[in-house]
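Undergrad: sharing a model that was predicted from the sequence below.
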Amino acid sequence: MFSLVFTRRYSMAHRLIADSAGKCAIPHGHNEQVIARLQSAAPQRLDGAANMVVPFDRAKARWHRFVDDQVDHAFQLGARDPMIDWFRAHEPQRLGRLLVTPGDPTTEMLAACLMAKLNAFLTADGNGLRCVELTVEETPTNAVTLTGDPAEVLPEGAGAGWWQRADDSINDLAP
């Protein structure tokens, strides 16, 4: 079976508060890369003419636009991080730039949320593709790869969130 593989680089900031003594509890940033591997939901033969599963530009355009416009330079925070309330009180105009995850925005959590979001886009596009593997490279030496269904690894009780919708949202914060 053919796989279509797309890579996108972005900059981000986050902090992890579950380990309050750890150095990642202080806001800091990374230049990350996300690598998505897509496959057709059903194996199919090449047609003898165009000979493509789906044209690359059709398969990746919406995803790349989302990463460039929403994920790049977003500040990633867990849903219970008190900094969200600070932004509500002091800089409400920046709430749309907070990428909010259920629990700390670790690389594992980001991989699960982004894979679910990409699959929501692909389902809405109706092109028969599905993301079967997603890798987030946090640094040149550290990466997390997720295969399978992200719903099986997201925390219990995470509920329906922005990661399940085929829109450009990165949080569910009220304006």
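TA: Alright, I've got the coordinates.
Undergrad: and the helix or strand bottoming out on mean pLDDT in the chain, what does it pack against?
TA: Sorted by mean pLDDT, DSSP states H and E, the helices and strands of the chain end with helix 56-66, the least confident at a mean of 92. With contacts taken as 3 or more C-beta pairs under 8 Å, 6 or more residues apart in numbering; DSSP states H and E, helix 56-66 sits against strand 3-14, helix 107-125. Just so you know, the C-beta spots here come from the backbone N, C-alpha and C atoms, and that holds for glycine as well.
Undergrad: and the nearest residue to Asn119 once chain neighbours are set aside, what's its pLDDT?
TA: What sits nearest to Asn119 in space, not counting adjacent residues and going by C-beta to C-beta, 6 or more residues apart in numbering, is Cys131, at 5.2 Å. pLDDT recorded at Cys131 is 96.
Undergrad: in which helix or strand does Cys131 reside?
TA: Assessed by DSSP states H and E, Cys131 sits inside strand 129-139.
Undergrad: ok and that strand relative to strand 3-14, angle-wise?
TA: 40 degrees (axes from the mean of the first three to the mean of the last three C-alpha atoms, to 10 degrees).
Undergrad: which residues sit against strand 129-139?
TA: Identification of contacts with strand 129-139 by C-beta atoms under 8 Å, 6 or more residues apart in numbering yields 3-4, 30, 32-41, 53-54, 59, 107, 110-111, 114-115, 118-119, 122, 143-147.
Undergrad: that one: what's the following helix or strand?
TA: Following strand 129-139 in sequence, per DSSP H and E, is strand 142-147.
Undergrad: tell me how far that next one is from the chain's mean position?
TA: 12 Å (C-alpha atoms, centre = their mean, to the nearest Å).
Undergrad: cool, and stretch 80-91?
TA: Stretch 80-91 sits 22 Å away from the centroid of its parent chain (C-alpha atoms, centre = their mean).
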